[in-house]
Structures are given as structure tokens and as C-alpha cells.
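Student: Kindly return the folded structure for what I paste below:
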Amino acid sequence: MQKLAKCPHCRGLLDISAVAINKASDELLCIYTALPGQASAALANYVQLFTPDKSDLSSARQLKISKDVIELTKEFDLAVFTQSLNITVTSIRDHWQRNGYRRMGDDHAYLKKVLETEQQKFIQSHPKQTVVSANKSIEVRTERPETLEESTRKWQENIAKYRR
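Tutor: Below you'll find the model as predicted:
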């Protein structure tokens with residue numbers, strides 16, 4: 001374990017890998033919350049296909065797969081994105097059930113085929129609709145962190161309310 005620092009409260013050691021895992025979890029949460037409900041559920045179901053048989057899928061691996069899928073689908077409509085993920089998950093799970101084994105590649109080739117097919121169907125049924133990409137809904141903006149003076153002032157204001 002590579003030491004990063006000691007916790008000022010409990011004196012426990014902070015591990016660099018624990019910080020990285022926490023950062024990956026935070027980023028993953030940002031991606032899922034930025035997507036509309038059905039799109040985030042479809043992405044989560046697709047990512048779970050990559051879970052190994054005898055262990056959990058790490059947050060870093062989930063983040064990598066999620067980013068790969070978002071990058072792959074950036075020019076597709078959000079409805080196509082959601083529908084394609086749902087079709088892919090259903091089809092792969094049915095295939096696994098029929099054949100009795102599980103194996104996922106890393107190239108997302110089947111998803112690419114489904115995306116192209118669903119995009120063609122979407123264009124034919126909605127010829128004049130503009131494309132709303134999943135990437136546009138995942139744009140995450142962070143504000144500058146609060147300075148020590150600002151947080152101290154807020155803390156003192158809140159404490160002053162209870163002292164009266």
C-alpha cells in the first residue's frame with residue numbers, strides 16, 4: 001500500500017488507490033446522473049454485461065466502459081442510444097442463456113452494428129428531427145471551490161444563528 005497521508009481525525013493511512021477508486025466512482029456518478037433516467041439505466045445494464053463471473057466490476061473499469069460507449073455514440077440521437085443499448089443487452093443475455101457461456105469483448109462491435117441499424121430506422125421515421133446526442137447531456141461543469149475565508153464566514157454565520 002502506497003501511503004498518501006494520515007487522516008487528521010483517526011490517524012489512519014490514506015491509500016492512493018483508494019483515492020483513485022473514489023474519484024472514478026464520482027466521475028461515474030456524474031455520467032449516470034447527467035443522462036435521462038432510461039438512458040442511464042440502459043447504460044448501467046450494458047456496463048454490467050462486462051462483470052467477471054467471480055468478482056465485481058471495478059469502478060475504474062465501469063468508468064472506462066461508460067466513457068467508451070459515450071464516445072462511440074456521440075453522433076447518435078439519445079433515443080437511438082437508449083434503444084440500441086436495450087436491444088444489445090437483451091440480445092446478448094438471450095445468446096448467453098441459449099449457449100450457456102458468457103464472454104464479452106472490449107470492442108463493442110455488436111453495439112456498433114445495432115446503433116447503425118437503429119439510427120437508420122430513426123432517420124426514416126423522424127426525417128426532420130434534430131439529433132440530441134448523449135454527449136451533450138453529459139457536459140459537466142464544476143464551479144470554483146470555495147475559499148477558506150468564504151467557508152469560514154458561512155460557518156460563523158450559521159453558528160451565530162444558534163447562539164441567539
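Student: Would you tell me which helix is longest in the chain?
Tutor: helix 78-99 (DSSP state H).
Student: What would that helix look like as CSV? C-alpha coordinates only.
Tutor: What follows is helix 78-99, C-alpha atoms only, in CSV (Å, rounded to 0.1, in the frame of the first residue of the first chain):
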residue,chain,number,x,y,z
LEU,A,78,-30.3,10.0,-27.4
ALA,A,79,-33.3,7.9,-28.2
VAL,A,80,-31.2,5.7,-30.5
PHE,A,81,-28.6,5.4,-27.8
THR,A,82,-31.1,4.2,-25.3
GLN,A,83,-32.9,1.8,-27.7
SER,A,84,-29.6,0.4,-29.0
LEU,A,85,-28.3,-0.3,-25.5
ASN,A,86,-31.5,-2.1,-24.5
ILE,A,87,-31.6,-4.2,-27.7
THR,A,88,-27.9,-5.1,-27.2
VAL,A,89,-28.3,-6.1,-23.6
THR,A,90,-31.4,-8.2,-24.3
SER,A,91,-29.8,-9.9,-27.3
ILE,A,92,-26.5,-10.7,-25.5
ARG,A,93,-28.3,-12.1,-22.5
ASP,A,94,-30.5,-14.3,-24.7
HIS,A,95,-27.4,-15.5,-26.5
TRP,A,96,-25.7,-16.4,-23.3
GLN,A,97,-28.8,-18.2,-22.0
ARG,A,98,-29.1,-20.3,-25.2
ASN,A,99,-25.4,-21.1,-25.4
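Student: Could you list the buried residues of it?
Tutor: Buried residues in helix 78-99, counted by 16 or more other Cβ atoms under 10 Å: 78-89, 92. Where C-beta positions appear, they are placed from N, C-alpha and C, glycine not excepted.
Student: Against which helices or strands is it packed?
Tutor: Using 3 or more Cβ pairs under 8 Å, 6 or more residues apart in numbering; DSSP states H and E, the elements in contact with helix 78-99 are helix 37-48, helix 109-125, helix 134-137.
Student: Which residues does it contact?
Tutor: Identification of contacts with helix 78-99 by Cβ atoms under 8 Å, 6 or more residues apart in numbering yields 36, 38-39, 42-43, 45-46, 49, 69, 73, 76, 102, 104, 110-111, 114-115, 118-119, 122, 132-134, 137.
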